[in-house]
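below are the sequence and a predicted model; questions follow.
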Amino acid sequence: MRFATPLIPARLIRRYKRFLADMMLEDGTEITAHCANPGSMMGLAEAGTLCWLEPNDDPKKKLKYGWRLVDHENGHFTGVDTSLPNKLLKSALIAHAVPGLPPYDLVRPEVKYGTGSRVDFLLTGARPDTYVEVKSVTLSRRTGLAEFPDSVTARGTKHLAELSDMVTQGHRAVMLYLVQRTDCDRVAIAGDLDPAYATAFDLGRAAGVEVLCLRTDMSPSEVVLGPQITFQAI
């Protein structure tokens, strides 16, 4: 998936109010960019970080730049837009191109299930129906290891319980961790950051919830779905 508008480099001044980030462009101009990431962005939001922004000329948008990538300046990138994984996966699911998942006739996003929730994707046309929850993974505190979550996520804990319920009802349920980093080949649960999530994860796996970990390959030009990578129990 190519970016709609060519990205431009900038240096982070500060991130604040979760969805706002002040940046300095190469010509010294200071601008405010939209940050489509409600998480803590641990390790990704230090002042001076090299970032890549997507400009827009949409009159309906107040902010004319969207923060898309962190450039680690060593040949690796991290994607910070948490809306991107579902867009990327929807296209790949329709094209029957998601490692670890068989072809399905129908891909339905945002289907109501559980208690007031919507599953990211309901896949039908094969038996059993498959419920897929997607989590964007951007945290890495050890070389080559991506971790989720990067902060407490009560919503994520609830999703694991609801996936377990789907298995009990005879469906297939998949917790899909999409790693938006090019420098990681393993995924683990950051239980020290959210013990409740770690407990729910263990209970979900015991109930039959499957775990699928995929990497993305990215650059300032495009983001594509990468290979399946390993889940590492800690």
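Sure thing, it's come through.

now do the helices in the protein.
Using DSSP state H, the helices assigned to the chain run over residues 84-94, 154-168, 195-207.

turn those into JSON lines, including mean pLDDT.
Below are the helices of the chain laid out as JSON lines (pLDDT from 0 to 100):
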{"stretch": "helix 84-94", "mean pLDDT": "94"}
{"stretch": "helix 154-168", "mean pLDDT": "96"}
{"stretch": "helix 195-207", "mean pLDDT": "97"}
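
include distance to M24 and mean neighbour count when you put these into a markdown table, please.
The way it works is simple: take the backbone N, C-alpha and C, and place the C-beta from them, glycine included. Shown next, in a markdown table, are the helices of the chain (distance: least, Cβ to Cβ, whole Å; neighbours: other Cβ atoms under 10 Å):
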| stretch | distance to M24 | mean neighbour count |
| --- | --- | --- |
| helix 84-94 | 24 | 18 |
| helix 154-168 | 34 | 19 |
| helix 195-207 | 36 | 17 |
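
of all those, which one is nearest P38?
P38 sits nearest to helix 154-168 of all the helices of the chain, at 9.9 Å, using Cβ to Cβ.

so what does that closest one touch, helix or strand wise?
strand 117-124, strand 130-137, strand 172-179, helix 195-207 (3 or more Cβ pairs under 8 Å, 6 or more residues apart in numbering; DSSP states H and E).

show me what the second one is packed up against.
Right, strand 130-137. Using 3+ Cβ pairs under 8 Å, 6+ apart: strand 130-137 touches helix 84-94, strand 117-124, strand 145-148, helix 154-168, strand 172-179.

which residues touch the second one?
Same thing as strand 117-124. Residues from elsewhere that reach strand 117-124, judged by Cβ atoms under 8 Å, 6 or more residues apart in numbering: 86, 89-90, 93, 101, 104-113, 129-134, 158-159, 162, 176.

quick one: it to helix 154-168, angle?
40 degrees (axes from the mean of the first three to the mean of the last three Cα atoms, to 10 degrees).

the residue nearest the centre of the chain bridge partners, please.
In the chain, the residue lying closest to the centroid (Cα atoms, centre = their mean) is S136, at 1.6 Å. With DSSP bridges as the criterion, S136 is bridged to L178.

contacting residues around it?
G79, T82, L84, P85, L178, Q180.
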